[in-house]
Structure formats: C-alpha cells, structure tokens
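*Asks:* Generate coordinates for the sequence data below:
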Amino acid sequence: MRFAALACSTMLAFTVGVSAAPPAVAAPAVAARHAYVVDSHGTVHFGKRETARVPVASLVKVMTAYVVLREAKLTDVVTVTAADVRYAAKGGAATAGLRAGERLTVRDLLYALMLPSGADAANALARTYGPGKPAFVAKMNSAARRMGLGDTRYTNADGMPTPRDGGYSTAVDQARLAQYALDIPVFKTVVSRPTHKVTKTALHQAHTWTNTNKLLGRADGAIGVKTGYTRKAGFCLLFAAEQRGTRVVGVLLGDSDERRFKTAERLLEHAAGEIVIG
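*Replies:* Numbers count the residues shown, from 1 in each chain. Coordinates of the predicted model:
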C-alpha cells in the first residue's frame with residue numbers, strides 16, 4: 001500500500017517561521033515542558049520550547065504505523081513470536097497482550113500498536129517489514145527526512161529507552177508527522193477508535209484494545225492521535241481535532257498524566273476561537 005503521493009499534498013506551512021494569528025483570547029496556561037498547536041492552514045496557535053530536541057516516548061509509534069502502511073497490505077498476516085512477547089515484557093513497556101504463535105492481520109496489529117500502545121505489536125511489525133528491526137528503523141528515519149523532520153531521529157519502533165538511546169524529536173516535527181499520518185484514511189480511522197475488538201479464531205485469541213487517548217469522546221471533534229510515557233520523556237500527548245472545518249494538531253511533551261488531556265482540551269478550544277472562517 002503506497003501513500004507517497006500524500007507527501008506532496010501534506011507539506012503545508014509547518015515551519016517555525018509561520019506567524020501565529022493574533023489571539024482572540026488569552027492562551028491557556030500550559031505546564032508541559034514543550035507544546036505546540038498548529039492547524040492545517042499553517043496557523044500556529046501556541047508554542048512553548050517547541051523546537052527543543054527531546055525524547056517523545058510512544059509517539060514514536062506514529063511513524064511506525066506510517067511506515068507499515070507504506071510497506072504492507074492491511075490483509076497481510078503476521079505471526080507473533082516469543083521474541084516479540086519477551087521484548088514487550090521487559091522494561092515495563094505497554095503491551096497489547098499478544099501471545100506467541102498468534103497470527104493477526106496488519107489491520108488488527110495497527111490497532112494493537114496504536115490503542116493500547118503495544119510494544120509487542122511494534123516489535124512484530126518492525127521485524128516483519130524491515131525485514132528486521134534495524135532495517136525498519138532505517139525506513140523510519142528515511143521517511144522522517146522525506147517529510148522534512150530535520151530534528152527527529154529514531155532508534156527503535158516503540159519509543160522505549162535503550163542503553164544507547166539517542167532518539168529524539170520536537171513538538172514541531174511531531175505535529176508535522178501527525179498531519180502526514182492523518183491524511184491516510186486507515187490511520188485516521190484507527191487512532192479515532194475508542195476500542196477495537198478481535199474475535200477469537202483458529203489463528204488467534206480474542207482481544208479487546210482500548211484507546212489510551214482520553215480526549216476521544218470528551219473534546220469536540222477529537223480524532224486521536226497518540227499518548228506516550230517514559231520516565232525521561234514524561235507524559236506525552238499528540239492530539240488532533242476537526243475544529244470549524246479545519247484540522248488542528250497539538251503536541252504536549254513532558255507533562256503529567258491527567259493534566260495533559262485537560263490542557264489539550266483547553267488548547268483545542270483556544271485554537272477553535274482563533275480559526276477564521278471565510
């Protein structure tokens with residue numbers, strides 16, 4: 001499944017040099033260490049240390065999903081290995097509860113990757129579509145370069161810290177990546193789903209995956225995108241919504257757990273108030 005043509009259509013004015021529209025009301029207080037809100041017209045609605053290079057935890061999985069969608073068919077079947085399960089079990093990574101020997105479609109594994117943030121799903125997909133994890137990470141970094149994400153470097157497919165962890169990104173780059181990914185209908189559908197159920201078959205167990213993004217159903221027009229946490233990165237949130245006919249994307253890095261969702265909701269309301277219709 002190829003989405004190369006989307007790259008041209010999505011390269012809007014996502015640069016730090018874009019001037020923000022004069023605020024109609026004061027922007028909300030943001031305690032996160034880094035924050036950025038921009039809409040699909042390139043209007044910046046909020047920025048706070050948005051160009052600093054920092055770890056972004058499981059927001060990395062947005063690029064993992066993007067690369068998989070370029071490489072795979074949704075109907076491809078991937079076999080989960082014991083190594084995939086062991087990888088996710090170590091270091092406190094979030095898992096989708098996959099079991100060795102299960103055979104799941106790429107479509108289902110994307111839900112396992114994005115909703116519960118399964119490192120087991122990330123490992124299985126990267127191993128399959130590199131092929132091999134080093135080759136897959138190289139594809140992630142190549143995609144980042146094509147998108148113009150000059151302040152982003154990936155070292156794995158799940159965002160967990162490693163002994164030689166040198167992975168980083170910025171709030172600006174993550175917002176740009178989200179706009180590319182959301183241009184893919186399947187990706188948008190996956191990250192907008194509150195839950196996804198997989199019925200037991202001869203190939204796999206039954207699974208129910210719940211989206212960790214609490215904005216869904218709470219913020220007007222919310223459409224995902226991804227949560228993340230590591231001790232070094234803090235709590236992170238990449239979020240988006242359709243506001244007054246315009247897509248708004250926001251990023252919070254280095255926040256606290258519950259506060260990030262409340263802050264994101266206020267930032268979306270602020271952006272909606274600034275969007276000019278006409």
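*Asks:* Assign the nearest residue to Ala122 once chain neighbours are set aside to helix, strand or coil.
*Replies:* Excluding the flanking residues, the one nearest Ala122 by C-beta to C-beta, 6 or more residues apart in numbering is Asp158, at 4.0 Å. In short, each C-beta sits where N, CA and C put it, glycine included. Applying DSSP: H, G, I helix; E, B strand; the rest coil to Asp158 yields a three-state assignment of coil.
*Asks:* Asp158 contacts Ser58, doesn't it?
*Replies:* Yes - using C-beta atoms under 8 Å, Asp158 is in contact with Ser58, at 6.7 Å.
*Asks:* Thr212: what's it in contact with?
*Replies:* 94, 115-117, 227 (C-beta atoms under 8 Å, 6 or more residues apart in numbering).
*Asks:* Check the gap between the residue located most distally from the centre of the chain and Glu102 for me.
*Replies:* No residue in the chain sits farther from the centre than Ala202, which is 31.3 Å out by C-alpha atoms, centre = their mean. Ala202 sits at a distance of 11 Å from Glu102 (criterion: C-beta to C-beta, to the nearest Å).
*Asks:* which residues are in contact with both of the two?
*Replies:* With C-beta under 8 Å, 6+ apart, Ala202 and Glu102 have no common neighbours.
*Asks:* Could you count how many residues lie near Leu267?
*Replies:* Counted by other C-beta atoms under 10 Å, the residues lying close to Leu267 total 26.
*Asks:* Could you do the one 5 residues further on as well?
*Replies:* A count of neighbours around Ala272, defined by other C-beta under 10 Å, yields 19.
*Asks:* these two touch, right, it and Gln243?
*Replies:* Yes - using C-beta under 8 Å, Ala272 is in contact with Gln243, at 4.2 Å.
*Asks:* For these two, list the residues in contact with both.
*Replies:* Common neighbours of Ala272 and Gln243, using C-beta under 8 Å, 6+ apart, are Asp220.
*Asks:* Point out where the stretch 151-278 of the chain drops to low pLDDT.
*Replies:* 163, 165, 276-278 (pLDDT under 70).
*Asks:* For it, which segments count as helices?
*Replies:* Along the stretch 151-278 of the chain, counting by DSSP state H, counting those that start in this stretch, helices occupy 171-182, 185-192, 257-274.
*Asks:* Would you mark the buried spots in the last one?
*Replies:* Judged by neighbour count using 16 or more other C-beta atoms under 10 Å, the buried positions of helix 257-274 are 260-268, 270-272, 274.
*Asks:* would you turn the helices of the stretch 151-278 of the chain into TSV with distance to Leu216?
*Replies:* Shown next, in TSV, are the helices of the stretch 151-278 of the chain (distance: least, C-beta to C-beta, whole Å):
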stretch	distance to Leu216
helix 171-182	14
helix 185-192	7
helix 257-274	10
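*Asks:* what's the closest of these to Thr152?
*Replies:* For the helices of the stretch 151-278 of the chain, proximity to Thr152 was assessed by C-beta to C-beta; helix 171-182 is nearest, at 4.6 Å.
*Asks:* by how many degrees do that closest one and helix 185-192 diverge?
*Replies:* Interaxial angle, helix 171-182 versus helix 185-192 (axes from the mean of the first three to the mean of the last three C-alpha atoms, to 10 degrees): 120 degrees.
*Asks:* Thr162: neighbour count?
*Replies:* The burial count assigned to Thr162 is 10, neighbours taken as other C-beta under 10 Å.
*Asks:* what's the distance between it and Leu267?
*Replies:* Where Leu267 is concerned, Thr162 sits at a distance of 31 Å (C-beta to C-beta).
*Asks:* before we move on, what about Asp108?
*Replies:* If you measure Asp108 against Leu267 using C-beta to C-beta, the figure is 32 Å.
*Asks:* Please enumerate the strands of the stretch 101-250 of the chain.
*Replies:* Here the stretch 101-250 of the chain has its strands, by DSSP state E, counting those that start in this stretch, at 103-105, 195-198, 207-210, 222-230, 234-243, 246-255.
*Asks:* For the ones you listed, give me TSV that also has distance to Lys139.
*Replies:* As requested, those are arranged in TSV below (distance: least, C-beta to C-beta, whole Å):
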stretch	distance to Lys139
strand 103-105	20
strand 195-198	25
strand 207-210	25
strand 222-230	19
strand 234-243	20
strand 246-255	23
